[in-house]
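Visitor: with the input below, show me the fold.
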Amino acid sequence: MPIFIKSTIPGVSTRTSWLLQIGLLAIVTLLAILPREDPPIVAAEETRVPPVANLVTTAPHEASVAFATIEVVVSRNDTMDRLFRRFELNLADLASLRDLPELRSQIDKLQPGELLRIMHRGGELVGLERKLSDSETLKVTRDSSGFSTDVLKNPLEIHTRTASATIDSSLFQAAADAQLNDRIAFELAEIFQYDIDFVLDIQPGDRFTVVYEDISQDGTPLRTGNILAAKFINEGREYRAVRYTDADGHSEYFTPDGKSLRKAFIRAPVQFSRVSSRFNPSRRHPVLNRIRAHKGVDYAAPIGTPVRAAGEGRVRFVGIQGGYGNVVELEHGSGVVTVYGHLSRFAARLRRGEHVELGQIIAFVGMTGLATGPHLHYEYRVRGVHQNPQTVALPDAAPIPAAQLDGFLTATADLVNMLDLPAGPALVAR
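Guide: Alright, predicted model coming up:
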């Protein structure tokens, strides 16, 4: 039974007040019995955080785990101090890490490109992981007594593989078809560079075999390792090499009978370029348009290509010299001088009288002086007489000492034999 309240509003009669109350009651009752729709669910707008270069931050999903993980790829100028400041981590924790003798060197020497994993709780360091090598990971953890460290070891698996190929178009294509990477091709060229000019001498039909290390971890391939032995057949002539590590840990390549593959000089001071002009006593000069002996070899290469010292020696001249443009002359002893012309620039701090090592970068290819295009002009002189750099006999480096020869032959016998074992179907680069 509804209860009607007598109106107390001035100027409103009692009858009118009752009618108003009856109407209001009817409206409330009607609203109560009508079907109601739930309010629409509005999806929360996704908040997009601008990406931070080289940074991945992983927040924990469980409310009980109150720490976050930062994964950062180290940049060239990064230090641990800068990283702690960038991510607003507690610098006192960094100082505590540096107080641990076994950590100081491993904390302060970061390598560009390496991955660091940092765990923190509101800026307080909880843990840190750093990969020291393919097989070792440094792990720092925090407990009630402070920080402790451990080096986790995950050994590498090293398998010895053999691959063979026949060259049709290029060394690199042949290596690729033999499922070898470019690094193996480069190393193969480095091993035989004293006997074979890989710009001039490589011919279709040349063949090679390499015995090399294949490195994996937990069954996952990581990379190729060292070339352990190699055979290269160039225009029918066979060259062999085997890697030997002496008692001092120094590794070098020798022939199977113990002669060093190294010579006092390399054939080509510019790697994998193109010969644009050979040694020719009666060549017509392209600029002067008259017969003028070409007393060296021209290697066409892009401006800025590194030029290496053909042998160990001292800088006799560095500067501008007539038609040679920018030129470097090196003295090597026994009357041998090598000349490098048309350079774009010299290596930093290269000075007259400076000692240089075989293969050291001394300058960069250019087209200064009387040059019609970018190239290196290279000369080899013996007591003032120009020799053909491609055919002159180069002196050998020291062989295995006689007292160590038996040990060398025993240690390398299996590798040498592997060069003659089948490596599967012969691969031909097309």
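Visitor: please name the bridge partners of Glu213.
Guide: On the basis of DSSP bridges, Glu213 is bridged to Thr160.
Visitor: what's the local residue count around Arg308?
Guide: Arg308 has 19 neighbouring residues, counting by other C-beta atoms under 10 Å. (Each C-beta comes from the backbone N, C-alpha and C, glycine too.)
Visitor: host element of Tyr340?
Guide: Per DSSP states H and E: Tyr340 is located in strand 336-346.
Visitor: can you pull out the residues in contact with the next helix or strand after that strand?
Guide: Downstream of strand 336-346, the next assigned helix or strand under DSSP H and E is strand 355-356. Identification of contacts with strand 355-356 by C-beta atoms under 8 Å, 6 or more residues apart in numbering yields 309, 312-315, 330, 362.
Visitor: re earlier: parallel or antiparallel, which strands does the strand holding Tyr340 pair with?
Guide: Partners of strand 336-346, by DSSP bridges, with direction: strand 326-333 (antiparallel), strand 361-365 (antiparallel), strand 375-382 (antiparallel).
Visitor: what backbone torsions are found at the residue nearest to the spatial centre of the chain?
Guide: Closest to where the C-alpha atoms of the chain average out (C-alpha atoms, centre = their mean) is Gly113, at 9.7 Å. Torsion angles at Gly113 (phi, psi; degrees, to the nearest 10) stand at phi 90, psi -10.
Visitor: residue contacts, it?
Guide: Going by C-beta under 8 Å, 6+ apart, Gly113 touches 73-74.
Visitor: report the secondary structure state of the closest residue to Arg76 other than its chain neighbours.
Guide: Nearest non-adjacent residue to Arg76, counting by C-beta to C-beta, 6 or more residues apart in numbering: Pro112, 4.7 Å away. Counting by DSSP: H, G, I helix; E, B strand; the rest coil, the backbone at Pro112 sits in coil.
Visitor: hang on, Pro112 packs against Thr79?
Guide: No. Contact criterion C-beta atoms under 8 Å: Pro112 and Thr79 do not qualify, at 11.5 Å.
Visitor: neighbour-wise, which of those two wins?
Guide: Just comparing Pro112 and Thr79: by other C-beta under 10 Å the higher neighbour count belongs to Thr79, 13 against 10.
Visitor: for the more buried one, what are its contacts?
Guide: Thr79 touches 108, 110, counting by C-beta under 8 Å, 6+ apart.
Visitor: measure it to Gln404 for me?
Guide: In this view, Thr79 and Gln404 are 45 Å apart by C-beta to C-beta, to the nearest Å.
Visitor: again, but for Leu89
Guide: As defined by C-beta to C-beta, Leu89 lies at a distance of 54 Å from Gln404.
Visitor: which strands and helices sit next to the host helix or strand of Arg183?
Guide: For Arg183, the host element (DSSP H and E) is helix 182-191. Packing contacts for helix 182-191, counted by 3 or more C-beta pairs under 8 Å, 6 or more residues apart in numbering; DSSP states H and E, involve helix 171-177, strand 207-217, strand 220-234.
Visitor: show the average pLDDT along the last one.
Guide: Averaged across strand 220-234, the pLDDT comes to 91.
Visitor: and what of the shortest one?
Guide: Mean per-residue pLDDT for helix 171-177: 91.
Visitor: for that helix, which residues meet the burial criterion?
Guide: The neighbour-count check on helix 171-177 (16 or more other C-beta atoms under 10 Å) flags 171-172, 174-177 as buried.
Visitor: kindly reformat these as TSV containing distance to Val385.
Guide: Converted to TSV, the buried residues of helix 171-177 look like this (distance: C-beta to C-beta, whole Å):
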residue	distance to Val385
Leu171	33
Phe172	37
Ala174	38
Ala175	39
Ala176	43
Asp177	44
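Visitor: assign Gln404 to helix, strand or coil.
Guide: Reduced to three states by three-state DSSP, Gln404 is helix.
Visitor: likewise for Gln106?
Guide: helix.
Visitor: where does the stretch 51-200 of the chain have low pLDDT?
Guide: Within the stretch 51-200 of the chain, the stretches falling below the threshold (pLDDT under 70) are 51-66.
Visitor: one more time with 50, if that's ok
Guide: Scanning the stretch 51-200 of the chain for pLDDT under 50 picks out 51-64.
Visitor: strands along that one, start to end?
Guide: Secondary structure of the stretch 51-200 of the chain (DSSP state E, counting those that start in this stretch): strands at 55-58, 68-73, 115-121, 124-133, 136-143, 146-153, 157-166.
Visitor: switch those strands over to JSON lines; also include distance to Arg243 and mean neighbour count.
Guide: Shown next, in JSON lines, are the strands of the stretch 51-200 of the chain (distance: least, C-beta to C-beta, whole Å; neighbours: other C-beta atoms under 10 Å):
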{"stretch": "strand 55-58", "distance to Arg243": "40", "mean neighbour count": "12"}
{"stretch": "strand 68-73", "distance to Arg243": "34", "mean neighbour count": "17"}
{"stretch": "strand 115-121", "distance to Arg243": "31", "mean neighbour count": "18"}
{"stretch": "strand 124-133", "distance to Arg243": "21", "mean neighbour count": "17"}
{"stretch": "strand 136-143", "distance to Arg243": "25", "mean neighbour count": "16"}
{"stretch": "strand 146-153", "distance to Arg243": "26", "mean neighbour count": "12"}
{"stretch": "strand 157-166", "distance to Arg243": "12", "mean neighbour count": "16"}
